[in-house]
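Trainee: Kindly generate the corresponding structure for this input.
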Amino acid sequence: MSKKIFLYLSLLILICVGAKNLIYAYINFSGYGTHDDCGLSEWLINYQGGFTRRGIAGEIFFYISKIFLIPANYLWLAITCFSYLYLLIYFIKKTKNQFKLELIISAILLGMPIYTNFFWKKDVFQLLLLLLGLVIFKKKLNSLLKITLINLICIFGLLNHESFMFYAVPPLFFLSLSLWKEKQSIILKIFKSILSFSFIFVTFFMLFYASLYLTDESLSKKAFLVLHSWDTLWLKVEGKIPTDLSCFTFLSHVDINTKISRFGFFTLIWFALILICFYSFINFSIRVNLNRKTNLIKILLSQLVFLLPLFYTAGDWSRWIFFWTTSSLLIYLEVKNYYLYNFRFFDNFLKVILNSKIFNFRSKTWPLLFLGFPYVDYYISSFKDYMWVTPIGKLLAGVYKLFIWTIKIFSGH
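Mentor: Numbers count the residues shown, from 1 in each chain. Below you'll find the model as predicted:
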């Protein structure tokens, strides 16, 4: 398959699936835009029932809706769509001479929210917060001002979704080491950075307590009050006030799943998908020198390590892989040298690997059409669920639905 055919086909699938999701969300079809939609409900969590995790965006939405009479689901549509389009344009511009476009629009990066259908959650917006933090470090500002701004961004990111702690806070923390005088010892630099990030760590501790150490009864009460703080919205969207918590139930129960071994063989498939992501980053690069490639590997490895707690405790592996790949690319594009693994022997080892035959194969684009990431970890055990989140699977499903629709029209049903 030629590069042009792949790009045109991938872009067509991406646009069609994205447009379908947007239309469904706008007309509230199949649960989109209602209390049953977990994308909207995640954005609508607020503090009307007391302090809880992920509530800051919903609290802002609540008062904007109340003061300016703007429906919260319209705010949700606008912010999620803008965030995705902004990040897509950013990557296309920034990676033009470094990475191939087929990598950017594949399921490894910005195709994943569309194909796996977590486009409407907070993930892309949260990555823009990381990008903002990285950009601030590059600005010629006073160190105190930089630290203050980074604290505000990180605290907002954590209050919006606690996963921000694992893919965004660590790289920003290590970048903060560059703010201190070069002659100072590394121990002193780390100590000063810990003090500088103390408000961020305290915020995360508060969220951890709110998630794990409150009774189920109190958490259920919070979820109930949050749900019904939006009764005006539900009456407008659904024509009735919901009687069940639906997607708001995750406020009242935090399910930490650490039984990775139960997946057995299929866990190995997930690890294979992670390796494919890693390999594709290296092999789809364009005219990137050896030093930059070693820097990219350092970033990919460090971000994967930081995200391991999420892989261990929660089943949304597609989202964690998305955070891993996309945050790594953001750091690579904004930070010239990532000093976390600044060891000569390690650099030499990476250069040997990069010069080996395995990274000298000409990259093929067609396998990316068959690459997908099921939303939940155990979905990988079903071939149907796997194909559903691949570009070719979405295309075949669309053709099949069009065929059935045509038959119904001509048969008069």
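Trainee: my guess is residue 37 contacts residue 242, does it?
Mentor: No. Residue 37 is beyond contact range of residue 242, at 11.7 Å (criterion: CB atoms under 8 Å). (Each C-beta comes from the backbone N, C-alpha and C, glycine too.)
Trainee: More neighbours: those two, which one.
Mentor: The neighbour comparison of residue 37 against residue 242 (other CB atoms under 10 Å) goes to residue 37, with 23 against 16.
Trainee: Now that one, what are its backbone angles?
Mentor: When quoted as degrees, to the nearest 10, the phi and psi of residue 37 stand at phi -90, psi 120.
Trainee: again with the one 10 residues further on
Mentor: The main-chain torsion angles of residue 47 are listed as degrees, to the nearest 10 and equal phi -100, psi 20.
Trainee: what's the distance between it and residue 312?
Mentor: Distance of residue 47 to residue 312, computed by CB to CB, to the nearest Å: 29 Å.
Trainee: Pull the residues that contact stretch 365-376.
Mentor: Identification of contacts with stretch 365-376 by CB atoms under 8 Å, 6 or more residues apart in numbering yields 1, 3, 6-7, 9-10, 102-103, 106-108, 112, 115-118, 273, 276, 280, 315-319, 321-322, 380, 382, 385-393.
Trainee: can you pull out the helices in the stretch 301-413 of the chain?
Mentor: Secondary structure of the stretch 301-413 of the chain (DSSP state H, counting those that start in this stretch): helices located at 317-334, 344-354, 383-388, 391-411.
Trainee: Quick one: list the elements packing against the shortest one.
Mentor: When you say that, I think you mean helix 383-388. Using 3 or more CB pairs under 8 Å, 6 or more residues apart in numbering; DSSP states H and E, the elements in contact with helix 383-388 are helix 391-411.
Trainee: export the helix it packs on as CSV, just CAs?
Mentor: Output of helix 391-411 as CSV, limited to C-alpha atoms (Å, rounded to 0.1, in the frame of the first residue of the first chain):
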residue,chain,number,x,y,z
PRO,A,391,-8.9,1.6,11.5
ILE,A,392,-9.7,-1.3,9.2
GLY,A,393,-12.2,-2.6,11.7
LYS,A,394,-14.0,0.8,11.8
LEU,A,395,-14.0,0.9,8.0
LEU,A,396,-15.5,-2.6,7.7
ALA,A,397,-18.1,-1.9,10.3
GLY,A,398,-19.1,1.3,8.5
VAL,A,399,-19.4,-0.5,5.2
TYR,A,400,-21.5,-3.3,6.8
LYS,A,401,-23.8,-0.7,8.5
LEU,A,402,-24.2,1.1,5.1
PHE,A,403,-25.0,-2.2,3.4
ILE,A,404,-27.7,-3.0,6.0
TRP,A,405,-29.1,0.5,5.8
THR,A,406,-29.3,0.2,2.0
ILE,A,407,-31.1,-3.1,2.2
LYS,A,408,-33.7,-1.7,4.7
ILE,A,409,-34.4,1.3,2.4
PHE,A,410,-34.9,-0.9,-0.7
SER,A,411,-37.0,-3.5,1.2
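Trainee: quick one, what contacts residue 83?
Mentor: Shown in contact with residue 83 (CB under 8 Å, 6+ apart): 124, 125, 127, 128.
Trainee: Next one: the residue nearest to residue 284 when sequence neighbours are not counted from residue 10, what distance?
Mentor: Counting by CB to CB, 6 or more residues apart in numbering, residue 284 lies nearest to residue 103, which is 4.1 Å off, once chain neighbours are set aside. According to CB to CB, residue 103 and residue 10 sit 11 Å apart.
Trainee: same thing with residue 244?
Mentor: For residue 244 relative to residue 10 (CB to CB), the value is 39 Å.
Trainee: neighbour-wise, which of those two wins?
Mentor: Between residue 244 and residue 10, residue 10 has the larger neighbour count (other CB under 10 Å), namely 22 against 10.
Trainee: Nearest residue to that one in space, please, no chain neighbours.
Mentor: Nearest one to residue 10, counting by CB to CB, 6+ apart, is residue 105 at 5.4 Å.
Trainee: now swap in residue 80 and tell me
Mentor: For residue 80, ignoring the flanking residues on the chain, the nearest one in space by CB to CB, 6+ apart is residue 120 at 5.5 Å.
Trainee: and the helix or strand harbouring residue 113, how far out from the chain's middle?
Mentor: Assessed by DSSP states H and E, residue 113 sits inside helix 112-116. Its chain's average C-alpha position is 10 Å from that of helix 112-116, according to CA atoms, centre = their mean, to the nearest Å.
Trainee: same check, this time on stretch 283-299
Mentor: Counting by CA atoms, centre = their mean, stretch 283-299 is centred 22 Å from the centre of its parent chain.
Trainee: In that stretch, which residues are buried?
Mentor: 283, 284, 285, 293, 294, 295, 296, 297, 298, 299 (16 or more other CB atoms under 10 Å).
Trainee: Could you pull up phi and psi at the second one?
Mentor: What that stands for is residue 284. Taking degrees, to the nearest 10, you get phi -100, psi 10 for the backbone angles of residue 284.
Trainee: What is the neighbour count of the residue nearest to residue 164 when sequence neighbours are not counted?
Mentor: Once flanking residues are discounted, residue 164 sits nearest to residue 157: 3.7 Å by CB to CB, 6+ apart. By other CB under 10 Å, the residues close to residue 157 number 29.
Trainee: Tabulate the CA atom coordinates of stretch 128-147 in PDB.
Mentor: C-alpha atoms of stretch 128-147 as PDB (Å, rounded to 0.1, in the frame of the first residue of the first chain):
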ATOM      1  CA  LEU A 128      -2.500  20.400  26.800                       C
ATOM      2  CA  LEU A 129      -1.900  21.400  30.400                       C
ATOM      3  CA  LEU A 130       1.400  19.400  30.300                       C
ATOM      4  CA  LEU A 131       2.300  21.200  27.100                       C
ATOM      5  CA  LEU A 132       1.600  24.500  28.800                       C
ATOM      6  CA  GLY A 133       3.900  23.500  31.600                       C
ATOM      7  CA  LEU A 134       6.700  22.500  29.200                       C
ATOM      8  CA  VAL A 135       6.400  25.800  27.300                       C
ATOM      9  CA  ILE A 136       6.600  27.800  30.600                       C
ATOM     10  CA  PHE A 137       9.900  26.200  31.400                       C
ATOM     11  CA  LYS A 138      11.300  27.400  28.000                       C
ATOM     12  CA  LYS A 139      10.200  31.000  28.600                       C
ATOM     13  CA  LYS A 140      12.600  33.600  30.000                       C
ATOM     14  CA  LEU A 141      10.900  34.200  33.300                       C
ATOM     15  CA  ASN A 142      12.000  34.500  36.900                       C
ATOM     16  CA  SER A 143      12.500  31.100  38.500                       C
ATOM     17  CA  LEU A 144      10.000  31.900  41.300                       C
ATOM     18  CA  LEU A 145       7.400  32.900  38.700                       C
ATOM     19  CA  LYS A 146       8.000  29.700  36.700                       C
ATOM     20  CA  ILE A 147       7.600  27.500  39.800                       C
END
